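Engineer: Model the structure of this input:
(one chain, ligands or ions: 2)
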Amino acid sequence: MTEQDVIEYVQKKLDIFEQNAELECREIGDGNLNYVFRVVDQNSGQSVIIKQAGPVARISDAFKVSPDRNRIESEALKLQGELAPGFVPKVYSYDPIMNCCVMDDLSDHEIMRTALLKHKKFPLFADHITTFLVNTLLLTSDAVIDHKEKKALVQKFTNPELCEITEDLVYTEPFYDCEQNDVFPETREFIREEIWNDSKLALETAKLKFDFMTKAQSLLHGDLHTGSIFIKEDSTKIIDPEFAFYGPAGFDIGNVIANLIFAYVNASFTIEDQETKEDYLQYIQQTISDVIELFTKKFLHAWDENIKERTASAPSFKEWYLNSILEDASAAAGLELCRRIIGIAHVKDITSIENKESRALAEKICLTAGKTFILERANIRTGDDFVNVLLQSVRK
Ligand code: SR1
Ligand code: MG
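Structural biologist: Ligands and ions are numbered 1, 2, ... in the order given. Predicted coordinates for the structure are as follows:
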């Protein structure tokens, strides 16, 4: 739809604004896939967001992606809103003909990646995101819900085309010299030696890809980077779950950690004042550690409160299950760190580092940490373990 089409759509199809509303519409999307329109009534100031999914990705016609992703996103937001109230935008309607949904306007929040690049701090983030993660991941799993109900959810959230994007862009292309990769020339040699020529890494990423495709453990957000989070001091909203599907629970946690690491690496190359830099790096380190520690604590508590599956109360099963999630989180952090450097979809945290030598160094830190998170994932469990991988990669 054009901006004018959206105004007509709102007037004809939606019962949201007053009769005398003076509507203005602007396309504000900056993601890779969709069109996002903000509609405001100039009289009352009331506003909504309309998100439309086309048959191809916004960034490139080469990505043909089913508009059904808009249904997946609407349904995921509704379920996540029930499981983790207050942490996602409210969805008012979904239209399967126009492939669009109408939801809360969160313009009083800021995209978290943008805010972190301005070196803002959000002391409640770790608490908020871990409540969201535990509630959406554990409460959609076989440990808690009826197994037939869970299988119905697996069907509802079967998302083959968006999963294929992740299978290709995250698990496959970054790990060989694929034409579609977008490699910074100054880092190419390092990538060839450390990533493409490492047969152990090829084996481990193959194992992880098969886990991603077969381990229908929890309903994932599926693309939980800092561009999928709207934030302000006292509020965190997780948006954009169009990649949602049943997969390994650690995937979402690892993506959060990796994107905090991108913010850390950006800050270490862009903040000039030493004291300010140290303070900000310390804040990000603490946030990484808090995400893992709070997730663990809340997960164990929620487990005791919610599990229904009889066999899951066997001694030590809870700890085994949590450890496997943390192992998968380490792997997912590693994959995200590698793919955002090597693959087609980059992050601004790294691409905005202007000095070429600094950017190459920043990329090597991300790749070193990424590789360690993948290869050493069986031994990475605590907040300190995650932070230490980062600190060791910076020192290398
Ligand atoms: C073609 S889509 C590229 C990337 O953008 C999305 O946000 C996902 O992260 C995907 O991998
Ligand atoms: Mg997105």
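
Engineer: what number of residues lie near residue 107?
Structural biologist: By other CB atoms under 10 Å, 12 other residues sit near residue 107. In short, each C-beta sits where N, CA and C put it, glycine included.

Engineer: Which pLDDT does the model give it?
Structural biologist: Here the pLDDT value assigned to residue 107 is 94.

Engineer: how close does it sit to residue 286?
Structural biologist: Per CB to CB, to the nearest Å, residue 107 is found 29 Å from residue 286.

Engineer: hey, where'd the strands end up in the stretch 151-300 of the chain?
Structural biologist: 218-220, 229-232, 235-238, 245-247 (DSSP state E, counting those that start in this stretch).

Engineer: From ligand 1, how far out is the residue in the stretch 101-250 of the chain that ligand 2 sits nearest to?
Structural biologist: Of all residues in the stretch 101-250 of the chain, residue 240 sits closest to ligand 2, at 4.1 Å by CB to the ion. Using CB to the nearest ligand atom, to the nearest Å, one gets 7 Å for the distance from residue 240 to ligand 1.

Engineer: quick one, what contacts the nearest residue to that residue once chain neighbours are set aside?
Structural biologist: Nearest-residue entry for residue 240: residue 228, 4.5 Å, with adjacent residues in sequence omitted and distances by CB to CB, 6 or more residues apart in numbering. For residue 228, the contact set (CB atoms under 8 Å, 6 or more residues apart in numbering) comprises 221, 238, 239, 240, 241.

Engineer: now, the most widely separated pair of these?
Structural biologist: Largest separation among the contacts of residue 228 by CB to CB: 221 and 239, giving 9.4 Å.

Engineer: Surely residue 22 touches residue 42?
Structural biologist: Yes: assessed by CB atoms under 8 Å, residue 22 is found in contact with residue 42 at 4.1 Å.

Engineer: Now do the same for residue 396: its pLDDT.
Structural biologist: Taking residue 396 on its own, its pLDDT is 87.

Engineer: Can we start the residue count at 4 from this point?
Structural biologist: Yes, from this point I'll number from 4; that puts the last item at residue 399.

Engineer: Just the pLDDT at residue 344, thanks.
Structural biologist: 98.

Engineer: mind checking the SS state of it?
Structural biologist: helix (DSSP: H, G, I helix; E, B strand; the rest coil).

Engineer: For it, which non-adjacent residue is closest in space?
Structural biologist: residue 366 (4.8 Å).

Engineer: separation between the one you found and residue 341?
Structural biologist: Counting by CB to CB, the gap from residue 366 to residue 341 is 10 Å.

Engineer: Same check on residue 180?
Structural biologist: Residue 180 is 14 Å from residue 341, by CB to CB.

Engineer: same check, this time on residue 12
Structural biologist: For residue 12 relative to residue 341 (CB to CB), the value is 41 Å.

Engineer: Between these two, point out the one with more neighbours.
Structural biologist: Each of residue 12 and residue 341 has its neighbours counted (other CB under 10 Å); residue 341 has more, 26 against 20.

Engineer: Do I have it right that the more buried one meets residue 370?
Structural biologist: Yes: using CB under 8 Å, residue 341 is in contact with residue 370, at 6.0 Å.

Engineer: Which neighbours do those two have in common?
Structural biologist: residue 198.

Engineer: Contact partners for the residue nearest the centre of the chain?
Structural biologist: Of all residues in the chain, the one closest to the mean position by CA atoms, centre = their mean is residue 227, 1.0 Å from it. Applying CB under 8 Å, 6+ apart, we find residue 227 in contact with 241, 255, 258, 259.

Engineer: Would you mind naming what in the stretch 4-153 of the chain lies close to ligand 2?
Structural biologist: Where proximity means CB under 5 Å from the ion, the interface of the stretch 4-153 of the chain facing ligand 2 comprises residue 34.

Engineer: In the stretch 4-153 of the chain, what residue lies closest to ligand 1?
Structural biologist: residue 35 (3.8 Å; CB to the nearest ligand atom).

Engineer: Excluding sequence neighbours, find me the nearest residue to that residue.
Structural biologist: residue 62 (4.5 Å).

Engineer: Measure how buried the one you found is and give me the count.
Structural biologist: Neighbours of residue 62 (other CB under 10 Å): 12.

Engineer: Let me know the distance separating it from residue 32.
Structural biologist: Taken as CB to CB, the span from residue 62 to residue 32 is 11 Å.

Engineer: The residue in the stretch 254-399 of the chain that ligand 1 sits nearest to: what's it in contact with?
Structural biologist: Closest residue of the stretch 254-399 of the chain to ligand 1, CB to the nearest ligand atom: residue 348 (3.9 Å). Contacts for residue 348 (CB under 8 Å, 6+ apart) come out as 35, 172, 342.

Engineer: Ligand 1 contacts on the stretch 54-203 of the chain?
Structural biologist: 60, 62, 66, 168, 172 (CB under 6 Å from any ligand atom).

Engineer: Using JSON lines, please lay out those residues together with pLDDT.
Structural biologist: Below are those laid out as JSON lines (pLDDT from 0 to 100):
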{"residue": "60", "pLDDT": "89"}
{"residue": "62", "pLDDT": "82"}
{"residue": "66", "pLDDT": "82"}
{"residue": "168", "pLDDT": "95"}
{"residue": "172", "pLDDT": "97"}
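
Engineer: List buried residues within those.
Structural biologist: Buried subset of those (neighbour count, 16 or more other CB atoms under 10 Å): 60, 66, 168, 172.
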